[in-house]
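Colleague: Sequence and predicted model, in that order:
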Amino acid sequence: MALGHFAVIDTETTGLFPGNHDRIAEIAVITMDRSGTILDRWETLINPERDLGKQSIHGIRAKDILGAPRFGDIAQELDWRLSGTLVVAHNLRFDARFLGAEFHRAGLALPGFFLPRGLCTMQMAHEYLPGAGRSLQDCCDSFGIELHHAHSAGDDAEAAAVLLSRYMELDPDLGDWDFLLSEAATTAWRPSPPSGLLAPALRSSADSRETHFVERIVVRLPEVSGPVEHQDYLALLDRALLDRYLSAHEQSALVALADELGISQATVRELHARYFASVSEVAWSDGVLTDEELNDLTTIAEVLCIPGEQLEAVSQRRQETTPHVPGSEAASTAFLEPGDLIVLTGDMSRPRDAIEAELESAGFRPHGAVTKKVKLLVAADPDSLSGKARKARSYGIPVVGEDYLWGRLLHIPDN
């Protein structure tokens, strides 16, 4: 049976509430086959017919959308591009709600089965990246995937497509991949493109926005365990707090989502408290709370209604730190045991598959992604700033060079 394709999508929006005032301002579709090969990248700005909302987040300027099509202008082309595909997104619930609202506004509707059968790479991280954070950046860092311009629909969608391909590499024999793609191929509803396709409208320049404190710590937050509904609520909260401010529309969107998911007021308060505690842990991770970090924690506490005593406890906290001696983490191999996971990164002096074979012969398990279960990261350059290296350091996983790999771990003379 012929296989369909994945349609990895991403949207940038004017806000968080598709059922009322907010609209899609940019959309991208990455078409990818079962092998992980990207076949097509289509993206366009969309005139939302209203103000652009928080431009500091998505970086879209008003002059860029003046000549951009409206959603209704590209709805039939988008419908054709999605026909016969399996939709994928990072936080699919968010993008699906906006797509549904925009198609309805345009007088069209996607088939009822299409969005519900899609795949969410954020939710799939629970299985393939246990312990990783929710954000696309966090998941990409676990595999060393580059995310060039966060909150650009095209780059976010392409990064999510590569992320999905890494998941498939970790679980190549899972029958669901082929089953879902085959089902997609047999349920295509628009075989031919509409006439008169419009030229996409693209951003005039790359996103040059600075990353502020809250945006950085959201990327690094540890996973919060709980039901899928709790993760969906926290993902929306992540997005809303990127600029450290909750507008009235964003508050309404959070209330509406909690109601939609059946989350009680008491549970929402608990999720806010756990969210604030996680932010505090990241802020104190270096043993110092700067004035900027304290101000941002104060802002978050205010918008989430965190009790004053919890904020005061955080501001008064003192944490003893042990001076780090460079290279001390590689002093011995006593912490490693047979079966431990080891990740490689960078261009080594020997082929990757040859090194992995040596590790397997020594009783270790080469792994493709950095998770909390990984015991060691071997880098071509131990000072690497790659996503894998950053992730390993954030988890406290030792990062070592090839000398350690050959001399201490495998006891093989380096060529």
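Modeller: Cool, the structure landed.
Colleague: With only the CA atoms kept, save stretch 155-168 in CSV.
Modeller: The C-alpha coordinates for stretch 155-168 follow below in CSV (Å, rounded to 0.1, in the frame of the first residue of the first chain):
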residue,chain,number,x,y,z
ASP,A,155,12.2,27.2,11.0
ASP,A,156,10.1,25.9,13.9
ALA,A,157,8.2,23.5,11.5
GLU,A,158,11.5,22.2,10.0
ALA,A,159,13.0,21.7,13.4
ALA,A,160,9.9,19.7,14.5
ALA,A,161,10.2,17.6,11.3
VAL,A,162,13.8,16.7,12.1
LEU,A,163,12.8,16.0,15.7
LEU,A,164,10.1,13.5,14.4
SER,A,165,12.7,11.8,12.2
ARG,A,166,15.0,11.3,15.2
TYR,A,167,12.0,9.8,17.1
MET,A,168,11.6,7.4,14.2
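Colleague: Can you spell out the domain ranges of the chain, please?
Modeller: For the chain, the structural domains run 5-186, 213-316, 328-409, going by automatic domain parsing.
Colleague: Let's have the ones you listed in JSON lines, adding mean pLDDT.
Modeller: Below are those laid out as JSON lines (pLDDT from 0 to 100):
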{"stretch": "domain 5-186", "mean pLDDT": "94"}
{"stretch": "domain 213-316", "mean pLDDT": "77"}
{"stretch": "domain 328-409", "mean pLDDT": "84"}
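Colleague: For residue 200, find the nearest of those domains.
Modeller: domain 5-186 (3.7 Å; C-beta to C-beta). C-beta here means a position set from N, CA and C on the backbone, and glycine is covered the same way.
Colleague: Dump the domains of the chain to CSV, plus distance to residue 202 and mean neighbour count.
Modeller: Compiled in CSV, the domains of the chain are given as follows (distance: least, C-beta to C-beta, whole Å; neighbours: other C-beta atoms under 10 Å):
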stretch, distance to residue 202, mean neighbour count
domain 5-186, 7, 20
domain 213-316, 23, 17
domain 328-409, 26, 17
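Colleague: Just want the most central residue of this structure.
Modeller: residue 136 (1.0 Å; C-alpha atoms, centre = their mean).
Colleague: Spit out the contact partners of that residue.
Modeller: Residues in contact with residue 136 (C-beta atoms under 8 Å, 6 or more residues apart in numbering) are 90, 121-122, 147, 150, 156, 159-160, 163.
Colleague: now the domains of the chain in TSV, with distance to residue 193?
Modeller: Below are the domains of the chain laid out as TSV (distance: least, C-beta to C-beta, whole Å):
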stretch	distance to residue 193
domain 5-186	5
domain 213-316	32
domain 328-409	37
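Colleague: looking at those, which is closest to residue 198?
Modeller: Among the domains of the chain, the nearest to residue 198 by C-beta to C-beta is domain 5-186 (5.2 Å).
Colleague: and that closest one, how far out from the chain's middle?
Modeller: Offset of domain 5-186 from its chain centre (C-alpha atoms, centre = their mean, to the nearest Å): 12 Å.
Colleague: okay, how far is it across it, tip to tip?
Modeller: 11 Å (C-alpha to C-alpha, to the nearest Å).
Colleague: hey, where'd the helices end up in the stretch 51-200 of the chain?
Modeller: 55-58, 62-65, 71-82, 92-105, 121-128, 136-143, 153-170, 175-186 (DSSP state H, counting those that start in this stretch).
Colleague: CSV for those, including distance to residue 335?
Modeller: Converted to CSV, those look like this (distance: least, C-beta to C-beta, whole Å):
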stretch, distance to residue 335
helix 55-58, 41
helix 62-65, 52
helix 71-82, 49
helix 92-105, 38
helix 121-128, 25
helix 136-143, 21
helix 153-170, 24
helix 175-186, 36
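Colleague: do you know which of the domains of the chain lies nearest residue 195?
Modeller: domain 5-186 (9.3 Å).
Colleague: the strands in the protein, which residues?
Modeller: Secondary structure of the chain (DSSP state E): strands at 5-13, 24-32, 38-45, 85-89, 119-120, 341-345, 365-367, 374-379, 399-400.
Colleague: how about those strands in CSV, adding distance to residue 297?
Modeller: Listed next are the strands of the chain as CSV, based on distance: least, C-beta to C-beta, whole Å:
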stretch, distance to residue 297
strand 5-13, 27
strand 24-32, 30
strand 38-45, 35
strand 85-89, 31
strand 119-120, 30
strand 341-345, 33
strand 365-367, 35
strand 374-379, 30
strand 399-400, 29
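Colleague: closest to residue 274 out of the ones you listed?
Modeller: Taking these one by one with C-beta to C-beta, strand 119-120 is closest: 21.4 Å.
Colleague: Torsion angles phi and psi at residue 47?
Modeller: In terms of degrees, to the nearest 10, the main-chain angles of residue 47 are phi -70, psi 110.
Colleague: which residues are in contact with stretch 118-135?
Modeller: For stretch 118-135, using C-beta under 8 Å, 6+ apart, the contacting residues are 6, 86-93, 96, 136, 138-139, 142, 160, 163-164, 166-167, 170-171, 180, 218-223, 228, 231, 234-235, 238, 369, 371-373, 391, 395.
Colleague: before we move on, the earlier item: which one of the contacts of residue 136 is nearest to residue 403?
Modeller: residue 147 (30.9 Å).
Colleague: No more questions from me, cheers.
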